[in-house]
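Engineer: pasting the sequence and the predicted model now:
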Amino acid sequence: MEVSEIQKKITALVYEKDKPDFLGLPNEWWNEDGKARTRRVILVYNPRSSKAGMVKEQVVKPLQKIPGTMFGKYEVKPTDVDDNAAELAKILIDGDVVVAAGGDGTATIALNGAMLSKKAVRLAAVPFGNFNDMARTLKKASGKEVYPLETVIDGKHYRYAACYFTIGMFAESTEIFDAEKTRKKLQKGNKGLLFSIRTLIKWYFKNKRKNFIPPFKYSSTTKTYDRNGVFQVRVKTMNEDESKGISDYLAVNGLSVAKVMKGGKNFYGHKADFLSTTGKLNRFLKLAPFMAKAILSRVPGDISTEDVLVFPDYGNVEIQAEGEYKRLEHVGKIIVRKSEKSIKIL
């Protein structure tokens, strides 16, 4: 979303006193007794980013000028997504507007911080990254509610994702963008999508023979109502032998994956459904048609309500959400589903 749009929407939130809602959702900047709540705009940004100067000029200064609001900043720490999200959650209060200015990593911190806070806040994102899947989806969802994906690992909440989760090869491939050589090239400012694609292609042909996911049991459950209003449950399963050679699991909720792959319809607005698939994508003859369909139409997969991956012998896998990856050690069970709680989008 453009900064000018954010300014207009926040200004409208301040002054639409006589309306109980704003764009169809409750206007949380006004209490029921007609008194105004504390009106804060919290900017989430990375001061170490190569585009921090642009954020200061193009985002900080305009947001500071919005009348009737208090402006604050959360500077991303050099730790990890989950630590930053937990710290951000501690400072949020009801009525805050959280604006992420940066790439998908910064937007992921903002989303997870807002969700973990359990406060009535609104979220927006200004794109300053390489792929900007989060900013693209949040712009489309402006004035609505988003139901993010949630991943639970061995019984504990792991992370929320507005756009997608991947496990396996796609997740591991994102590590290349944290390599010092690659980061230096990206920071020069003249490296865009084509550079990223070339980098990924080189990585793929160098690493495609690896085993990315240990054998696992898989179930994908879909709960629907048919045309007659009858509730139905469909369960797709895979045993350990069938899973051998599977390199990737994808769960898609947003408009795009890594910018080039289409997510299809607005799953982000659904309370239960998302798109998911598994595949032997380390085989080029499998990857090529998959990517063609994903780019030209949408990521090929099935609508799901809950996916469960069980590793009987436990194992080590890479998991990624919105470009932010983590290596899981000795993991036994991963559940992917929709969050019961939604987040309001500015």
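Structural biologist: Right, received. Where do you want to start?
Engineer: is it true that residue 103 touches residue 129?
Structural biologist: Yes. Residue 103 is in contact with residue 129 according to Cβ atoms under 8 Å; the separation is 2.2 Å. Every C-beta, even on glycine, is put in place using the N, C-alpha and C of the backbone.
Engineer: domain parsing for the protein?
Structural biologist: As recorded under automatic domain parsing, the domains making up the chain are 3-129, 156-174+209-340.
Engineer: ranking the ones you listed by mean pLDDT, which is last?
Structural biologist: Per-segment confidence across these bottoms out at domain 3-129, which has a mean of 88 in mean pLDDT.
Engineer: residue 264 belongs to a helix, doesn't it?
Structural biologist: No. Secondary structure of residue 264 (DSSP: H, G, I helix; E, B strand; the rest coil): coil, not part of a helix.
Engineer: what's near enough to touch it?
Structural biologist: Contacts of residue 264 were listed using Cβ atoms under 8 Å, 6 or more residues apart in numbering, and they are 252, 275, 298-299.
Engineer: swap in residue 212?
Structural biologist: Taking Cβ under 8 Å, 6+ apart as the contact definition, residue 212 lies against 168-169, 172, 247-248, 282, 317-318.
Engineer: taking the residues you listed together, which two end up most distant?
Structural biologist: Among the contacts of residue 212, the pair separated by the greatest distance (Cβ to Cβ) is 282 and 317, at 14.0 Å.
Engineer: that's a strand at residue 236, yeah?
Structural biologist: Yes. If the criterion is three-state DSSP, then residue 236 is within a strand.
Engineer: which residues touch it?
Structural biologist: Each residue near residue 236 by Cβ under 8 Å, 6+ apart is listed here: 219-222, 302.
Engineer: most neighbours of all these, which one?
Structural biologist: Among these, the one with the most neighbours (other Cβ atoms under 10 Å) is residue 220, at 24 neighbours.
Engineer: skipping its backbone neighbours, what lies nearest that one in space?
Structural biologist: Ranked by Cβ to Cβ, 6 or more residues apart in numbering and with sequence neighbours excluded, the top spatial neighbour of residue 220 is residue 236, at 4.4 Å.
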